[in-house]
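Asks: Show me the folded form of this:
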Amino acid sequence: MVVSADLIKQLYIDKHSDMASWIKLLLYKHPETYHHSVRVAMLAEKIAKPLELSNADKEQLVRGCFLHDIGKSMIPREVILQSESLSETQREIIKLYPIIGAEMIESNPGFGSEISKIVKYHQERWDGSGYPEPDSPLL
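Replies: Numbering: from 1, shown residues only. Model (predicted):
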């Protein structure tokens, strides 16, 4: 899958140098995750219209969806790609990536708190069975 330069520009990577570095690292280290993130952002853009989101909310949603797995760039590749069952330690490492991603976003004042929330809580489930926290503010 080839990602168009137009899509990348729409996501404002050129305005956030940290984001550009993070995305390049994710593409290099976990290309499948990068392509997944692009698809999720494209889907978010499509669902924003029937939800009648404002342009600002749509941009936040698309950016947050594009960055939702950015914390995986800090997780060892062999853990992400392991085909065997993960050890308990490896499962705990995997569960850290939303927190790591949110901290990356929060370290850049150019990103709003809504993007950080999308990144941090995207693994939460309606029944509270997700991670990183059972009491997500989004539920």
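
Asks: Was I right to think I75 contacts K95?
Replies: No - here I75 lies out of contact with K95, judged by CB atoms under 8 Å, at a distance of 10.2 Å. Heads up, the C-betas are built off the backbone N, CA and C, glycines and all.

Asks: and those two? which has more neighbours close in?
Replies: I75 (20 against 13; other CB atoms under 10 Å).

Asks: Just give the nearest non-adjacent residue to the more buried one, would you?
Replies: Nearest non-adjacent residue to I75, counting by CB to CB, 6 or more residues apart in numbering: Y97, 5.3 Å away.

Asks: Can you say which helix or strand has the one you found in it?
Replies: Taking DSSP states H and E as the definition, Y97 sits inside helix 88-106.

Asks: Show me which residues of that helix are buried.
Replies: By neighbour count on 16 or more other CB atoms under 10 Å, the buried set for helix 88-106 is Q90, I93, I94, L96, Y97, P98, I100, G101, A102, M104, I105.

Asks: Pull out the buried positions in the following helix or strand past it.
Replies: Using DSSP H and E, the helix or strand that follows helix 88-106 towards the C-terminus is helix 113-121. Buried positions in helix 113-121, judged by neighbour count with 16+ other CB under 10 Å: E114, I115, S116, K117, I118, V119, K120, Y121.

Asks: Please consider this matter closed, and thank you.
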